[in-house]
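> coordinates only, no sequence provided:
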């Protein structure tokens, strides 16, 4: 009986941890991609049925995210830009700041995002 209760608690905790995983990044972020110059944009992340989705918006337009995921403290996503094709984003969440990289086969740069207040 004790074993069953312990196993039930372990599985419940593991399931809750997996389900709550995106909470740390869901919301709006002010971001800057720096390649040859600074490109500011807003990143909006949402979760529906456990799946992370979202979009970006800037003076250059908006894009829906593809293949968005948050795992082990790292956010990854892509956007399909009409100008340069698929752009990959990867950022580690540390102290409420996303810090990482942006690029594709044509360019590489840095990425920094701070949660909007």
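Structure's in. What do you need? All of these numbers come straight from a predicted model, not from anything done at the bench.
> partner residues bridging residue 98?
Note on residue 98: beta-bridge partners by DSSP bridges are residue 93, residue 113.
> and for it, the neighbour number?
24 (other CB atoms under 10 Å). In this view, the C-beta of every residue, glycine as well, is placed from N, C-alpha and C.
> could you do residue 31 as well?
Neighbour number of residue 31 under other CB under 10 Å is 21.
> what helix or strand is it on?
Following DSSP states H and E, one finds residue 31 within strand 27-34.
> what's the spacing between the closest residue to residue 84 other than its chain neighbours and residue 68?
Take residue 84 and drop its neighbours on the chain: the residue closest to it by CB to CB, 6 or more residues apart in numbering is residue 106, 5.9 Å away. Separation of residue 106 from residue 68 (CB to CB, to the nearest Å) stands at 22 Å.
> what secondary structure does the most centrally placed residue in the chain sit in?
What sits nearest the mean C-alpha location of the chain, by CA atoms, centre = their mean, is residue 75, with 3.6 Å. Here residue 75 is strand, with the state taken from DSSP: H, G, I helix; E, B strand; the rest coil.
> I figured it hits residue 98, correct?
Yes. Look at residue 75 against residue 98 with CB atoms under 8 Å: they come within range, at 5.9 Å.
> joint contacts of the two?
25, 91, 92 (CB atoms under 8 Å, 6 or more residues apart in numbering).
> and residue 106, helix, strand or coil?
Residue 106 ends up coil, using three-state DSSP.
> that older thread, and the shared contacts of residue 75 and residue 98, which of them are buried?
Buried by 16 or more other CB atoms under 10 Å: 25, 91, out of the shared contacts of residue 75 and residue 98.
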